[in-house]
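Chemist: Provide a 3D model corresponding to the input given below.
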Amino acid sequence: MTRFGALVAVSDAVAATRSRTEKVRRLADFLRAVPPGAVASTLRFLSGRSGRERLGVGPAAVDEAWRAAAPAAEATLGLEDVIAALAAVRDLCGEGSAAERSRRLGELFARATAPERSFLARWLVGELRQGALEGVLTEAVAAAAGIEAATVREALMVEGDLAVVGEQALRAGRAGLAGGAIQLFRPVLPMLAGTASSPAEALERFGEVAVEAKLDGVRIQVHKSGERIEVYSRKRKPLTDALPEVVESVGRLAADEAILDGEAIALRADGRPEPFQDTMRRFGRKLDVDEVRREMPLSARFFDCLLVGGHPCIARPQRERWRILGETVPPDLRIAALCTADQDALDRFLQETLAQGHEGVLLKSPDAPYRAGRRGSEWLKWKPAVTLDLVVLAAEWGHGRRRGWLSNLHLGARDPVSGGFVMIGKTFKGLSDEMLAWQTERLLGLERARDEWTVHAEPSLVVEVAFDGVQRSPRYLGGVALRFARVKRYRTDKSPAEADTIDTVRGLLPSEPPPRLRGGRPRGL
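Modeler: Modelled structure (predicted):
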């Protein structure tokens, strides 16, 4: 039996070392000793991925369970004991289940030593920060299984869950990952875009740029095999029943088999987009779909193909995927696109796109493959008013007319090194009364702690923020702050893992150093 304390010890050891090589070695050594069937749970523990949503418990329930009993004097918990206890908590339902979850968590905490309790509590509320990020764990899985890290990464691109990939690799090595090719009706994670400071930057970087209109819609992935058509969200959740018009549109394709990447969007009669909130209203309705379809019909627009006619396309360069897309999807179902090395042609495309009411452009390397689940520099997004997707860390109670509502938001960018979030500013601008009421309810449901003025929340709510610039700032740990930030909208379709990084924010700093006063303090801060 693998002791749960051993997992806690390796987590602490990983947190205490700065060497990536040493982190990988320690994790690989531990994974080799984990029994079959427990690898997936072990990887979820080590990744720090919170189990709160799967278990149906919140910070208050964790705190209550923590206080219910003192820690055990000696380590007796096995890894399998903890997995079984948490599975039992997850499976509870019906009247009285909340109280029973808290009681069972209390029993588990009572059997755990002080270090084990600390690990469990931090993991449950998403506060485990030991440096075992997915990249490190991927390398550790490869080392433990004795296969190349590239093979594990390729499988992860398709599967999207390192816990599942790791279990397969540790059970059967390379052969366990043999089924990792892209398959119909097994949605893959979408490729994501970084942020460009200007279209000219992308053209200079790529030499030739594949540019598309950036629609303000909802990302979809559509799988077709004969008459069967399924629609999935960017989080790989089924959307088929909610989007009958998308299914009907894809039914027109001549291709018998296809996997397409695109957007679902509400368009006016003249082809201009409706506000994003109107598009999102369709995704909140599970009943009366025919009625809401008449009120707010959605259109499908595709920009990429991952598989056509039984042949995967993801390894092909962007320019080839566009060619295949053009042969497969009619023009009225494709997003407007252009491949050019000419700045004037790029500018004309941009102006036409903005004139049609779209929010900006996506700028892609014509030679880039489709990297499922990855955000990098091969796809870049640009909007005239630059926006960032940030996470709400806390909110302050409003004053005057906003009294009783949580108003001033604390905004955080994702730190890819620590796995946490770095505060880069605050804003109370851009919030309607409806948004204030909505965010107050949501943030109180995510509350971790509070003081007289501020409610601190779990970092799970993503908000799109417009701003006028980025400046260096000694006020925040990240060293940067947003200028004149204002809320554009909440992105309930995005997870915190998809928020922009602190590196992206720093990359938007002006290239010249800011003027400095005597004493070395940036002017105006």
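
Chemist: where are the low-confidence patches of the stretch 51-200 of the chain?
Modeler: Within the stretch 51-200 of the chain, the set of residues satisfying pLDDT under 70 comprises 51-54, 56, 127-132, 179-180.

Chemist: show me where the stretch 51-200 of the chain has helices.
Modeler: Taking DSSP state H, counting those that start in this stretch to define them, one finds helices in the stretch 51-200 of the chain at 52-55, 59-67, 79-90, 97-111, 114-124, 134-145, 149-159, 162-176, 199-206.

Chemist: got it, and the stretch 301-450 of the chain?
Modeler: The residue ranges that make up the helices of the stretch 301-450 of the chain, judged by DSSP H, counting those that start in this stretch, are 318-328, 343-355, 433-445.

Chemist: which one of those helices lies nearest to Ala65?
Modeler: helix 433-445 (19.0 Å; C-beta to C-beta). Backbone N, C-alpha and C define where each C-beta goes, glycine included.

Chemist: one step back: tell me which of the helices of the stretch 51-200 of the chain is the most buried.
Modeler: The highest mean neighbour count among the helices of the stretch 51-200 of the chain belongs to helix 134-145 (a mean of 22), with neighbours defined as mean count of other C-beta atoms under 10 Å.

Chemist: using CSV, write out every CA atom in it.
Modeler: Written as CSV, here are the backbone C-alpha positions of helix 134-145 (Å, rounded to 0.1, in the frame of the first residue of the first chain):
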residue,chain,number,x,y,z
GLU,A,134,1.4,20.2,-16.1
GLY,A,135,4.6,20.6,-18.1
VAL,A,136,6.7,19.2,-15.2
LEU,A,137,4.2,16.4,-14.5
THR,A,138,4.1,15.5,-18.2
GLU,A,139,7.9,15.0,-18.2
ALA,A,140,7.7,13.0,-15.0
VAL,A,141,5.0,10.7,-16.5
ALA,A,142,7.2,10.1,-19.5
ALA,A,143,10.3,9.4,-17.4
ALA,A,144,8.3,7.0,-15.1
ALA,A,145,6.8,5.2,-18.1
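
Chemist: pull the distance from it to the chain's centre.
Modeler: Helix 134-145 has its C-alpha centroid displaced from the chain centroid by 21 Å (C-alpha atoms, centre = their mean, to the nearest Å).

Chemist: tell me what Lys214 is bridged to.
Modeler: Gly360 (DSSP bridges).

Chemist: burial count for it?
Modeler: Look at Lys214: counted by other C-beta atoms under 10 Å, it has 20 neighbours.

Chemist: who are the contact partners of it?
Modeler: Shown here is Lys214, whose contacts under the criterion C-beta atoms under 8 Å, 6 or more residues apart in numbering are Thr353, His358, Glu359, Gly360, Val361, Leu362, Lys381, Trp382, Lys383.

Chemist: export these as JSON lines, with columns for distance to Gly217, neighbour count and pLDDT.
Modeler: Converted to JSON lines, these look like this (distance: C-beta to C-beta, whole Å; neighbours: other C-beta atoms under 10 Å; pLDDT from 0 to 100):
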{"residue": "Thr353", "distance to Gly217": "14", "neighbour count": "21", "pLDDT": "96"}
{"residue": "His358", "distance to Gly217": "10", "neighbour count": "22", "pLDDT": "92"}
{"residue": "Glu359", "distance to Gly217": "10", "neighbour count": "20", "pLDDT": "85"}
{"residue": "Gly360", "distance to Gly217": "13", "neighbour count": "21", "pLDDT": "92"}
{"residue": "Val361", "distance to Gly217": "14", "neighbour count": "27", "pLDDT": "96"}
{"residue": "Leu362", "distance to Gly217": "13", "neighbour count": "21", "pLDDT": "97"}
{"residue": "Lys381", "distance to Gly217": "14", "neighbour count": "20", "pLDDT": "92"}
{"residue": "Trp382", "distance to Gly217": "17", "neighbour count": "22", "pLDDT": "90"}
{"residue": "Lys383", "distance to Gly217": "14", "neighbour count": "17", "pLDDT": "85"}
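
Chemist: nearest to Asn408, of those?
Modeler: The nearest member of the contacts of Lys214 to Asn408, counting by C-beta to C-beta, is Lys383 at 24.6 Å.

Chemist: once you drop chain neighbours, what's closest to that closest one?
Modeler: In space, not counting the residues next to it along the chain, Lys383 is nearest to Gly360; the distance is 3.5 Å by C-beta to C-beta, 6 or more residues apart in numbering.

Chemist: where's the one you found relative to Ala196, distance?
Modeler: Counting by C-beta to C-beta, to the nearest Å, the gap from Gly360 to Ala196 is 10 Å.

Chemist: mind listing the shared neighbours of these two?
Modeler: When contacts are counted by C-beta under 8 Å, 6+ apart, Gly360 and Ala196 are jointly contacted by Lys381, Trp382.

Chemist: need phi/psi at the closest residue to Leu133 other than its chain neighbours.
Modeler: Counting by C-beta to C-beta, 6+ apart, Leu133 lies nearest to Gly419, which is 5.5 Å off, once chain neighbours are set aside. As for Gly419, its main-chain torsions (degrees, to the nearest 10) stand at phi 80, psi 0.

Chemist: what of Thr42?
Modeler: The phi and psi torsions at Thr42 (degrees, to the nearest 10) take the values phi -60, psi -40.
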